[in-house]
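*Asks:* What shape does this take:
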Amino acid sequence: MIREEAANKIFNQIEYFSGYGFNKSHSAAYALISYRTAYLKANYPVEFMAALLTSEKDNTDKIVEYVNEAKRMGIEVLPPDVNESGDIFTVIDEKNIRFGLIAVKNVGQGSIESMLRARDTHGKFKSLEDFCENIDLRLVNRKVIESLIKAGAMDLFGLYRAQLMLNLDQTLDASSKAQKEKAKGQLSFFDLGLDNGFKKTAIESSHVREWPEPQLLAFEKEMLGFYVTGHPLARFAGQLKRFSCSSIANIPNHKDGDMVKMAGLIIKIKNTVTRKSGEKMAILKIEDLEGAIEVLVFPESYKQNSRYIQPNSAVFVSGRLSLKEESPKIIANSILPVDEAYKQITKIDINIAGIRENLLNSLKEKLVQNSGQIPVYLHMDIPHRARYQILVGDELHVQPNQSLIQDIETLLGEERFSLTI
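*Replies:* Below is the predicted model:
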């Protein structure tokens with residue numbers, strides 16, 4: 001006979017386990033699937049990743065995750081291309097996968113089938129004009145073509161995306177007219193292939209410059225869910241290296257409660273209020289070059305940092321890491337725009353041990369050229385002796401900026417100086 005207290009305890013344990021307890025057959029099925037997928041990934045990695053990407057074509061977050069995983073495996077996911085892409089993600093060779101057209105925003109199955117039929121019938125497209133003349137414009141409309149241009153799927157035509165977009169209206173008008181004439185059984189001089197002195201014309205767009213890089217990348221992210229030709233954080237490479245102590249990829253190496261500082265791009269903002277007091281707070285999603293993470297900005301931090309919470313802005317986030325839930329989160333203490341990081345420097349330490357006199361003179365010139373209020377400490381590490389620290393005179397205090405830090409790094413090497421924020 002079991003005592004009631006013990007029986008209740010056992011029942012509660014069984015009830016809790018039943019919330020996510022597998023019976024033997026279920027466990028065996030999962031084990032078999034795990035083995036088969038692991039085998040495929042190990043022995044057919046390109047085919048496996050292409051199929052995996054296709055299976056998640058409507059899930060942008062998963063696409064980004066699997067593109068990064070493919071890169072880790074040495075496999076490149078190439079941007080969409082109207083002459084090479086199929087409807088799904090396609091294996092090109094043992095190192096390359098071509099992005100599937102079905103995963104491009106606004107591009108549906110009907111428009112893809114029209115493009116593939118035209119490509120099979122007439123061969124590869126030679127230009128925007130050739131493309132528009134041979135596809136069914138009722139299925140592949142202006143919005144679809146705009147999306148393909150923004151995604152980089154027409155870069156093969158050798159024009160800037162801004163040029164293609166400028167030419168699009170006139171090209172569509174001419175192609176639509178030509179298709180209607182063909183449908184009526186009328187032929188143009190061009191269909192006859194005669195040298196009759198007439199020539200097709202397009203807008204003169206050689207003077208048109210490409211879109212600014214931020215806009216180019218924003219369009220790629222909008223259409224594909226990730227960046228193809230670069231990343232908005234790339235131009236801040238120097239700041240990221242100097243001011244970040246971690247990255248999203250390194251989160252597994254940290255413990256719950258660790259203080260972390262990392263740079264990222266704010267890609268999602270949810271403004272909300274707390275349940276109890278109704279105070280304003282925000283839930284952010286930031287991404288760096290390797291992944292994305294959620295950042296919680298509670299009321300006290302929100303009051304101090306709300307002005308920096310802007311979509312698509314590059315920021316440094318400092319805070320406490322929380323690993324209590326399934327997905328890691330950062331509880332933000334401070335948020336700072338990346339391009340303002342140098343303003344937060346409170347001192348510069350430079351190790352001048354063994355530095356030649358001419359380099360010291362060059363260093364002094366750089367400090368004088370960037371006069372300010374931030375102190376500079378010179379250190380001499382003498383073997384078997386104490387470390388000497390010298391605070392330079394007020395006339396050599398500086399106003400830190402990217403140019404100054406780069407100059408010091410070039411003169412002495414990055415291992416000879418450190419920055420305190």
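
*Asks:* can you list the weak-confidence ranges in the chain?
*Replies:* 18-22, 185-206, 238, 381-386 (pLDDT under 70).

*Asks:* domain assignment for it?
*Replies:* Per automatic domain parsing, the structural domains of the chain span 4-42, 44-98, 104-190+208-214, 235-340, 345-420.

*Asks:* got these as a markdown table, with mean neighbour count and distance to Glu222 columns?
*Replies:* Using the backbone N, CA and C atoms, a C-beta is placed for each residue, glycine as well. A markdown table is the format used below for the domains of the chain (neighbours: other Cβ atoms under 10 Å; distance: least, Cβ to Cβ, whole Å):
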| stretch | mean neighbour count | distance to Glu222 |
| --- | --- | --- |
| domain 4-42 | 10 | 30 |
| domain 44-98 | 17 | 10 |
| domain 104-190+208-214 | 17 | 7 |
| domain 235-340 | 16 | 11 |
| domain 345-420 | 14 | 29 |
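
*Asks:* Let's have these in a markdown table, adding distance to Phe226.
*Replies:* Putting the domains of the chain into a markdown table (distance: least, Cβ to Cβ, whole Å) gives the following:
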| stretch | distance to Phe226 |
| --- | --- |
| domain 4-42 | 21 |
| domain 44-98 | 5 |
| domain 104-190+208-214 | 11 |
| domain 235-340 | 9 |
| domain 345-420 | 27 |
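
*Asks:* Dump the C-alpha coordinates for the longest helix anywhere in the chain into CSV.
*Replies:* In the chain, taking DSSP state H as the definition, the longest helix is helix 161-183. Extracted in CSV, the C-alpha atoms of helix 161-183 (Å, rounded to 0.1, in the frame of the first residue of the first chain):
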residue,chain,number,x,y,z
ARG,A,161,19.7,47.8,-61.1
ALA,A,162,18.8,51.5,-61.1
GLN,A,163,19.3,51.5,-64.9
LEU,A,164,17.1,48.4,-65.3
MET,A,165,14.4,50.0,-63.2
LEU,A,166,14.6,53.3,-65.2
ASN,A,167,14.2,51.3,-68.5
LEU,A,168,11.4,49.1,-67.2
ASP,A,169,8.3,51.2,-68.1
GLN,A,170,9.3,51.9,-71.7
THR,A,171,10.4,48.3,-72.1
LEU,A,172,7.1,46.9,-70.8
ASP,A,173,5.1,49.3,-73.1
ALA,A,174,7.0,48.3,-76.2
SER,A,175,6.9,44.6,-75.3
SER,A,176,3.2,44.6,-74.5
LYS,A,177,2.5,46.3,-77.8
ALA,A,178,4.6,43.8,-79.7
GLN,A,179,2.9,40.8,-78.0
LYS,A,180,-0.6,42.2,-78.9
GLU,A,181,0.4,42.7,-82.5
LYS,A,182,1.7,39.1,-82.7
ALA,A,183,-1.5,37.8,-81.2
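
*Asks:* Give me the helices and strands touching that helix, please.
*Replies:* Helices and strands touching helix 161-183, by 3 or more Cβ pairs under 8 Å, 6 or more residues apart in numbering; DSSP states H and E, are helix 128-134, helix 142-151.

*Asks:* quick one, which of these is nearest to Tyr44?
*Replies:* helix 142-151 (27.5 Å; Cβ to Cβ).

*Asks:* my read: Tyr66 touches Thr54, true?
*Replies:* No - at 10.0 Å, Tyr66 does not count as touching Thr54 under the criterion of Cβ atoms under 8 Å.

*Asks:* The stretch 151-300 of the chain: strands as residue ranges?
*Replies:* All strands of the stretch 151-300 of the chain, identified by DSSP state E, counting those that start in this stretch, fall at 259-273, 280-287, 292-297.
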